[in-house]
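> Starting from these lines, generate the structure:
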Amino acid sequence: MFAWLKEVATVVVIAVVLSFLIKTFLFRAFFIPSESMVNTLDVDDRIFVNLLVPEPFSLSRGDIVVFRDTKGWLPPVEEKADGPFTWVQDGLTFVGLLPDNSEQHLVKRVIGLPGDHVVCCDAGGKLTINGSAVDEPYVNPAEVPQARNFDVVVPEGKVWVMGDNRNHSADSRAHMDSDGGFIDLDDLEGKAAVIAWPLNRITTLDNYPDVFRNVPAAP
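Just a heads-up that it's a prediction; the model follows:
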């Protein structure tokens, strides 16, 4: 009996250690709390984020990224009362067995990389990047996006991000009075790679390389 319990305990410890290492160096799970990325991501989706982007692998236009809210985009979160199993949930989140639902992260799509000149909008109502207009098939087709005019050049070390559900996304456009609406590359947790839950929505996430194929390099 003791030998069996020892074997089970060993397996559990190995699983926890592997999960912690994966969460720390490769992938991390996150919970989607808002509708800012509909239809790409729905409320309550669970996603896995590739922690190897933007380093050592490079970031691309169109990537969906999760980033820490160091700019104060989110309202203050009230501390939740500790329940009888709060420490268990916190521990499982820490080792990567539960998604992070701390509400201190945001998820958006990268539209502008460092040096990019991003403008909304041209005469046809399209977004332009470095003078090239782009068609955006990932934008929520259920609504006609309400234009919020802007003309920005992305500084070094930063990115310009926008939600796919343009009418319901407080993204870079809504925070131009705070550091220009730009997000620091250092604040990026990584690139969203997969919807892992619910089961009927499991899929890899596309960064639509064809959309940005003809965008010239930043000056």
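
> Mind jotting down where the helices sit in this protein?
In the chain, the segments counted as helices under DSSP state H are 2-25, 86-95, 209-212.

> What is the neighbour count of N140?
When neighbours are defined as other CB atoms under 10 Å, N140 has 20 of them. For the C-beta atoms, the positions are set from N, CA and C on the backbone; glycine is no exception.

> which residues touch it?
Listed by CB atoms under 8 Å, 6 or more residues apart in numbering, the contact partners of N140 are 38-39, 164-167.

> If we ignore the residues flanking it in sequence, what's nearest it?
N165 (4.5 Å; CB to CB, 6 or more residues apart in numbering).

> residues in contact with the one you found?
Going by CB under 8 Å, 6+ apart, the list of residues near N165 reads 35-39, 139-140, 143.

> Export those residues as a markdown table, with columns for distance to W73.
Below are these laid out as a markdown table (distance: CB to CB, whole Å):
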| residue | distance to W73 |
| --- | --- |
| E35 | 16 |
| S36 | 11 |
| M37 | 15 |
| V38 | 18 |
| N39 | 22 |
| V139 | 20 |
| N140 | 20 |
| E143 | 22 |
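
> which of those lies closest to R173?
The nearest member of the contacts of N165 to R173, counting by CB to CB, is S36 at 11.7 Å.

> wait, what's in contact with that closest one?
Taking CB under 8 Å, 6+ apart, one finds 106-108, 163-165, 168-171 in contact with S36.

> thinking again about what came up before, now tell me which of the contacts of N165 the prediction trusts least.
Note: of these, the lowest pLDDT belongs to E143, at 83.

> any idea how far the spatially closest residue to that residue that is not a sequence neighbour is from I129?
Nearest non-adjacent residue to E143, counting by CB to CB, 6+ apart: N167, 5.1 Å away. N167 sits 21 Å away from I129 when distances are taken as CB to CB, to the nearest Å.

> Of those two, give the one with the bigger neighbour count.
The residue with more neighbours, out of N167 and I129, is I129; 23 against 15, by other CB under 10 Å.

> Please name the nearest non-neighbouring residue to I129.
V215 (4.7 Å).

> how about low-confidence regions in this structure?
By pLDDT under 70, the low-scoring segments of the chain are 1-27, 56, 77-103.

> Which parts of it are strands?
Ranges of strands within the chain are 27-31, 46-50, 64-68, 105-112, 117-120, 127-129, 132-134, 150-153, 158-162, 183-184, 188-197, 203-204, based on DSSP state E.

> S58: which of the ones you listed is closest?
strand 188-197 (10.1 Å).
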